[in-house]
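Asks: okay, here's the prediction I keep looking at, along with the sequence it came from:
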Amino acid sequence: MDRALDRFEAQTLALAGVVQAVHQALLVARRGEAEPEPRDASLASILRLSVDSPDAVYGGLGGVRSGLRLLVSQLRGEQRDADLLRVAGTVLQVERRYSRHDAMQGELRRRLLTLANLHGPDDASSPEAVTGLAAAYLATISTLTPRVKIPGNPLILKEPSNIAQIRACLLAALRSASLWRQLGGKGWHLILRRGRLVETAQRLLGRSLATVQ
């Protein structure tokens, strides 16, 4: 059996979850479609409300493999995506404010429990579930400041289905940001522990690839 994640590994995984979900939102805004597997794993994480371990949020390490790759490349400065870094940073800021709003947390959890009962993680990417997730984001997280702004193709951003996907992905990013904070993640880690983050993400990526048959 694969060993359990230590605390810093769990933090790194959650941070990769933020990056992965934001990247999928940006892909929808830029080209009108996300990458199916990373998107599905990110959206499913929202509806996994009771799990035994951080990696179980994503259905295992493989569920955040794309995010681990992105985290390594962005922290190393390889093919840096300024929008990805900016939006991910904003999501972390917004999550801190969300963590202080008990009423909003209660409302969002109520909505997610309803969606989980209707759809479940395996169906989180269905049009109906995405619509529900987007509505939950719009009613709660989108009211906080700073606003999370996603740049993209204006024509693509006119399509309601694309907007719904983007909002659902941002809700997934917030889910991972909350997990990161709960595990002890701090903003200064991104600067002073950058090297350790890269090393840890690479190690987790290797473990995720080792599980591929």
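Replies: Yes, it's here.
Asks: didn't residue 208 look like it was pressed against residue 62?
Replies: Yes: between residue 208 and residue 62 there is a contact under C-beta atoms under 8 Å: 5.0 Å. C-beta: built from backbone N, CA, C; applies to glycine.
Asks: so which of those two has more stuff around it?
Replies: A side-by-side neighbour count of residue 208 and residue 62, using other C-beta atoms under 10 Å, places residue 208 first with 21 against 17.
Asks: need the contact list for residue 69.
Replies: Shown in contact with residue 69 (C-beta atoms under 8 Å, 6 or more residues apart in numbering): residue 205.
Asks: just the buried positions in the strand or helix carrying it, please.
Replies: Using DSSP states H and E, the element containing residue 69 is helix 65-76. Neighbour counts over helix 65-76 (16 or more other C-beta atoms under 10 Å) mark 65-75 as buried.
Asks: repeat that for stretch 180-200.
Replies: Using 16+ other C-beta under 10 Å as the test for burial, stretch 180-200 gives 180-181, 183, 185, 189-190, 193, 197-198, 200.
Asks: pretty sure residue 96 contacts residue 180?
Replies: No: at 10.7 Å, residue 96 does not count as touching residue 180 under the criterion of C-beta under 8 Å.
Asks: and the longest helix that the chain contains, what does it pack against?
Replies: Longest helix of the chain, by residue count under DSSP state H: helix 7-31. If contacts are counted by 3 or more C-beta pairs under 8 Å, 6 or more residues apart in numbering; DSSP states H and E, helix 7-31 sits against helix 36-46, helix 65-76, helix 82-98, helix 160-182, helix 194-210.
Asks: run the chain-centre distance for the shortest one.
Replies: With C-alpha atoms, centre = their mean, to the nearest Å as the basis, helix 36-46 stands 8 Å off its chain's centre.
Asks: return the closest of the buried residues of helix 65-76 with respect to residue 91.
Replies: residue 67 (12.9 Å; C-beta to C-beta).
Asks: wait, doesn't that closest one sit right on residue 39?
Replies: No: the pair residue 67 / residue 39 is not scored as a contact, 11.4 Å apart, by C-beta under 8 Å.
Asks: could you count how many residues lie near residue 18?
Replies: Neighbours of residue 18 using other C-beta under 10 Å come to 30.
Asks: my bad, should have said residue 87
Replies: 25.
Asks: check contacts around residue 126.
Replies: Contacts of residue 126 (C-beta under 8 Å, 6+ apart): residue 119.
Asks: what's the answer for residue 157, then?
Replies: Here residue 157 is in contact with 29, 150, 163 (criterion: C-beta under 8 Å, 6+ apart).
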